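Trainee: Provide a 3D model corresponding to the input given below.
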Amino acid sequence: MTRKSDPLSDDDRVATVITRYDHGAITLGTAARLAGVDRWTMRERLREHGVDLRLGLADDADAQREIQAASGLTFDDVDSRTPDSE
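Mentor: Residues are numbered from 1 along each chain as shown. Here you go, the predicted model:
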């Protein structure tokens, strides 16, 4: 079923997402979000289309973005605490 505000069908949208991922324009997480599926399902769809997965950090700038994103995370569960935080 296609939403009225969305001119692409679901198949067209997923094909566009796969192409954008394959060309390096978006990440796996973004691809999954745009396709409306979880990351594991998106990985399977990419594999089905013969697209190589880009896992891990691409470069130093990518690493810095990950560090910045992770530095703002907080966890409430005991298992997530480091020995230094106790």
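
Trainee: please count neighbours and contacts with C-alpha atoms only from this point.
Mentor: Noted.

Trainee: out of everything not next to it in sequence, what's closest to the most centrally placed residue in the chain?
Mentor: Nearest to the geometric centre of the chain sits Gly29, at 0.8 Å (CA atoms, centre = their mean). Nearest non-adjacent residue to Gly29, counting by CA to CA, 6 or more residues apart in numbering: Arg39, 6.1 Å away.

Trainee: backbone phi and psi for that neighbour, please?
Mentor: Torsion angles at Arg39 (phi, psi; degrees, to the nearest 10) stand at phi -60, psi -40.

Trainee: ok, and what's touching stretch 31-50?
Mentor: Here stretch 31-50 makes contact (CA atoms under 8 Å, 6 or more residues apart in numbering) with 10, 13-14, 17-18, 21, 28-29, 52-53.

Trainee: which ones among those lie within helices?
Mentor: 10, 13-14, 17-18, 21, 28-29 (DSSP state H).

Trainee: where does this structure have low pLDDT?
Mentor: 1-8, 78-86 (pLDDT under 70).

Trainee: show me where it has helices.
Mentor: 10-22, 28-35, 39-48, 60-71.

Trainee: circling back to that earlier point, which of the contacts of stretch 31-50 count as buried?
Mentor: With burial judged by 16 or more other CA atoms under 10 Å, the buried subset of the contacts of stretch 31-50 is 13-14, 17-18, 21, 28-29.

Trainee: columns distance to Gln68 on top of those, output as JSON lines?
Mentor: Converted to JSON lines, the buried ones among the contacts of stretch 31-50 look like this (distance: CA to CA, whole Å):
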{"residue": "Arg13", "distance to Gln68": "30"}
{"residue": "Val14", "distance to Gln68": "30"}
{"residue": "Val17", "distance to Gln68": "26"}
{"residue": "Ile18", "distance to Gln68": "27"}
{"residue": "Tyr21", "distance to Gln68": "23"}
{"residue": "Leu28", "distance to Gln68": "19"}
{"residue": "Gly29", "distance to Gln68": "17"}
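
Trainee: show me which of the residues you listed is closest to Asp76.
Mentor: Distance to Asp76 across the buried ones among the contacts of stretch 31-50 (CA to CA) is lowest for Gly29, with 24.1 Å.
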